[in-house]
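Novice: Coordinates only, no sequence provided:
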């Protein structure tokens, strides 16, 4: 036996009804948007916008990182090792800084460096990649040409942040794609559960509500005491030929204690209590609201 309560809100007959307001089981001139599941077009648009913003942020962070770590700051030009060595031999190098497998420095006079598209650019500050095993003739040549040079340790943080900046965007993109696929799967599942009730059952181990928790509606409580007796001892009434009511309709404006009274009836009778708002029965598709009502009563009978 289950305590069942259906709530109905009184409408003022003098107030005109909004023609655009949705009706139960799809009437009226609404915009036709269903309450269940996000729109597919909107979801795709948000995904595209997120990817664009992610790529733009990654590109901006790369520019900032390269500038901070001494990369291509707009003034430093990468040159071939052969060109660098010739400039050292000619004495056109002012200073050199060795850092790991690369070296940076400044030419005394600007050098024309080919850009690879048939053109060339003037470079004063340069960066050159060194051989893995080094060049034993380079340091003696720098001393011979009286070129200032020094060695600096490699910044381990730059390597770490370089890996992070190259891997993190792809991880974020994969995570967002996984989220989109999960949302799409949930939307497909919601299609097959349109007619299912969204009612929530209050667990029996939670504190129960009784008539002692309800104040100010003595007349309504007196009328519902008989319903509690029906639910607790139905055999007594069945022996007398009585029939248990199929339901009780509590009518009144919001905030008058209808839900609290229904919980009190369930608590006094020691039966489960189902809670579901009236808006969850509203659906654009015809027949879905009635199907949810039937499913709600089926769940109540099985509880």
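Specialist: Everything's here; your move. Treat the numbers as computed from the prediction; the structure is a model and nothing was measured.
Novice: make it CA atoms for all contacts and neighbour counts henceforth
Specialist: OK.
Novice: Check which residues of the helix or strand harbouring residue 86 are buried.
Specialist: Following DSSP states H and E, one finds residue 86 within helix 81-89. For helix 81-89, the neighbour count (16 or more other CA atoms under 10 Å) marks 84, 87-88 as buried.
Novice: Can you name the next helix or strand after it?
Specialist: Sequence order places strand 93-99 as the next helix or strand after helix 81-89, per DSSP H and E.
Novice: ok and that next one relative to helix 81-89, angle-wise?
Specialist: 130 degrees (axes from the mean of the first three to the mean of the last three CA atoms, to 10 degrees).
Novice: hmm, back to that, quick check, nearest of the buried residues of helix 81-89 to residue 269?
Specialist: Nearest to residue 269 out of those is residue 84 (CA to CA; 93.1 Å).
Novice: That closest one contacts residue 129, correct?
Specialist: No - using CA atoms under 8 Å, residue 84 is not in contact with residue 129, being 9.9 Å away.
Novice: can you give me the strands for this protein?
Specialist: Ranges of strands in the chain, per DSSP state E, are 5-8, 76-78, 93-99, 102-114, 120-129, 148-151, 200-202, 248-251, 273-275.
Novice: deepest of those strands, which one?
Specialist: strand 273-275 (a mean of 21; mean count of other CA atoms under 10 Å).
Novice: Do you know the pLDDT at the nearest residue to residue 75 once chain neighbours are set aside?
Specialist: Of all residues not flanking residue 75 in the chain, residue 125 sits nearest, at 6.4 Å (CA to CA, 6 or more residues apart in numbering). The per-residue pLDDT reported for residue 125 equals 91.
Novice: correct me, but residue 125 touches residue 109?
Specialist: No - using CA under 8 Å, residue 125 is not in contact with residue 109; the gap is 9.9 Å.
Novice: show me the contacts for the spatially closest residue to residue 106 that is not a sequence neighbour.
Specialist: Counting by CA to CA, 6+ apart, the nearest residue to residue 106 once its immediate chain neighbours are dropped is residue 125, at 4.5 Å. Counting by CA atoms under 8 Å, 6 or more residues apart in numbering, residue 125 touches 75-77, 104-107.
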